[in-house]
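Participant: predicted model, plus sequence, below.
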Amino acid sequence: MKAILLTDNKLLHTYTHKMLLSLEEIPDFHVVACILNPPPPRSFGAKLYQHWKRGRRGYLLILVFQNLYRKFLSYFSSEEKGSFSLEAWLQERNIPLIQTSDLYSADMLQKIREMHAETAILAAYHQIVKKPFIELFPVGVLSYHYGDLRKYRGQPAGFWELYHGEREFRVCVQKITPGIDKGIPIAEHSFEIGLSTTLRDLEKLVEQNCHSLMSIAVQRLMTPGNTFEKPEKYGSLYTLPHLKQWLWFQLKMAVRKIRRNLAGLTSR
């Protein structure tokens, strides 16, 4: 099977790098090109203005707080997230890199069509993929979705499951269709949410256990006779929380951390 990678960043973080390494182990699977389509640059001020126009005034405080907090951590911490150069990774494998600012131009779509790839894989691509691109691939376009499509679509990943007190968090690789997170699940993995599980715990579980899920999905699609269907219904489309929801979530996470600490003390 021939595949095209689609990304919007010149850096491969550890999780994406592990995903690509697992894909290399699939017999008769070949990446023929990687398309780099970065999003239009937006300043932090532009992001604030966008939320202001949408009436999300309370959320502006969250953004400012999170931005200051990240800067604080980066100033006092020498720890860096693992990352790899996309261009170096591709050069080692003789995979061409195609950079474009317009994924849907006639010339770009024709260039992709001429590669005769059966599938495309989103490798840390955070933009909406539209119908003209999806239709180029007979097997489909694959992407991760962090949440159960039948209950939770949208973002932030894991936030709403914890907010609503769910006992399970699910990750899937979906074959995407037009519409936000309305794809067909091809491979899924679930985690139990305990009474002391935090958002960071879920992130760690995903990082440790889900990088090979894309490889599982590809192999299922390559296996003759396998069929996949859309869920009978899709979950609500969630978006960023407003200020009251965010504050309530922080209180819930604080309680979970206290519960964990108390459990640690009693087990000694």
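Facilitator: Yes, it's here.

Participant: check which element follows the one helix or strand in the chain whose mean pLDDT sits lowest along the chain.
Facilitator: Ranked by mean pLDDT, DSSP states H and E, the weakest helix or strand in the chain is helix 57-76, scoring a mean of 51. Per DSSP states H and E, the first helix or strand lying C-terminal to helix 57-76 is strand 83-85.

Participant: and that next one, what does it pack against?
Facilitator: For strand 83-85, the elements it packs on are strand 11-13, helix 14-24, judged by 3 or more Cβ pairs under 8 Å, 6 or more residues apart in numbering; DSSP states H and E. Placement of C-beta: from N, CA and C, glycine included.

Participant: redo these as TSV? Include mean pLDDT.
Facilitator: TSV is the format used below for those (pLDDT from 0 to 100):
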stretch	mean pLDDT
strand 11-13	89
helix 14-24	94
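
Participant: among the ones you listed, which is nearest Tyr125?
Facilitator: Tyr125 lies closest to helix 14-24 among those, at 9.9 Å (Cβ to Cβ).

Participant: shaky segments in the stretch 151-268 of the chain?
Facilitator: For the stretch 151-268 of the chain, applying pLDDT under 70 flags the ranges 267-268.

Participant: break down it into its strands, ranges please.
Facilitator: For the stretch 151-268 of the chain, the strands defined by DSSP state E, counting those that start in this stretch cover 152-154, 168-175, 184-192, 236-238.

Participant: among the ones you listed, single out whichever gets nearest to Thr227.
Facilitator: Nearest to Thr227, of the strands of the stretch 151-268 of the chain and by Cβ to Cβ, is strand 184-192 at 10.0 Å.

Participant: what strands flank the closest one, and is each parallel or antiparallel?
Facilitator: Looking at strand 184-192 with DSSP bridges, its partner strands are strand 168-175 (antiparallel).

Participant: give me the angle between the strand it pairs with and helix 14-24.
Facilitator: Relative orientation of strand 168-175 and helix 14-24, computed by axes from the mean of the first three to the mean of the last three Cα atoms, to 10 degrees: 50 degrees.

Participant: got the buried residues for strand 168-175?
Facilitator: Residues Phe169, Arg170, Val171, Cys172, Val173, Gln174, Lys175 are the ones in strand 168-175 that count as buried (16 or more other Cβ atoms under 10 Å).

Participant: other residues contacting it?
Facilitator: 140-149, 158, 161, 181, 183-193, 202, 205-206, 210, 213-214, 216-217, 221, 228 (Cβ atoms under 8 Å, 6 or more residues apart in numbering).

Participant: what's the longest helix belonging to the chain packed up against?
Facilitator: Ranked by residue count and defined by DSSP state H, the top helix of the chain is helix 243-266. Counting contacts by 3+ Cβ pairs under 8 Å, 6+ apart, helix 243-266 packs against helix 57-76, helix 159-163.

Participant: for the shortest one, packing partners?
Facilitator: In terms of contacts (3+ Cβ pairs under 8 Å, 6+ apart), helix 159-163 is packed against helix 199-209, helix 243-266.

Participant: count the neighbours of Arg259 for me.
Facilitator: Number of residues near Arg259 (other Cβ atoms under 10 Å) recorded here: 13.

Participant: nearest residue to it in space, please, no chain neighbours.
Facilitator: Among residues not flanking Arg259 along the chain, Ser196 sits closest, at 4.8 Å (Cβ to Cβ, 6 or more residues apart in numbering).

Participant: and that neighbour, how many neighbours does it have?
Facilitator: Counted with other Cβ under 10 Å, Ser196 comes out at 17.

Participant: now do Lys10
Facilitator: Neighbour tally, Lys10, other Cβ under 10 Å: 13.

Participant: contacts only, for it.
Facilitator: Contacts of Lys10 (Cβ under 8 Å, 6+ apart): Leu36, Ser85, Leu86, Glu87.

Participant: for the last one, which residues are in contact?
Facilitator: Contact criterion Cβ under 8 Å, 6+ apart gives Lys10, Leu97 as the residues in contact with Glu87.

Participant: sketch out the low-pLDDT regions of the stretch 1-150 of the chain for me.
Facilitator: Applying pLDDT under 70 to the stretch 1-150 of the chain flags residues 42-82.

Participant: count of residues packed around Gln155?
Facilitator: 18.
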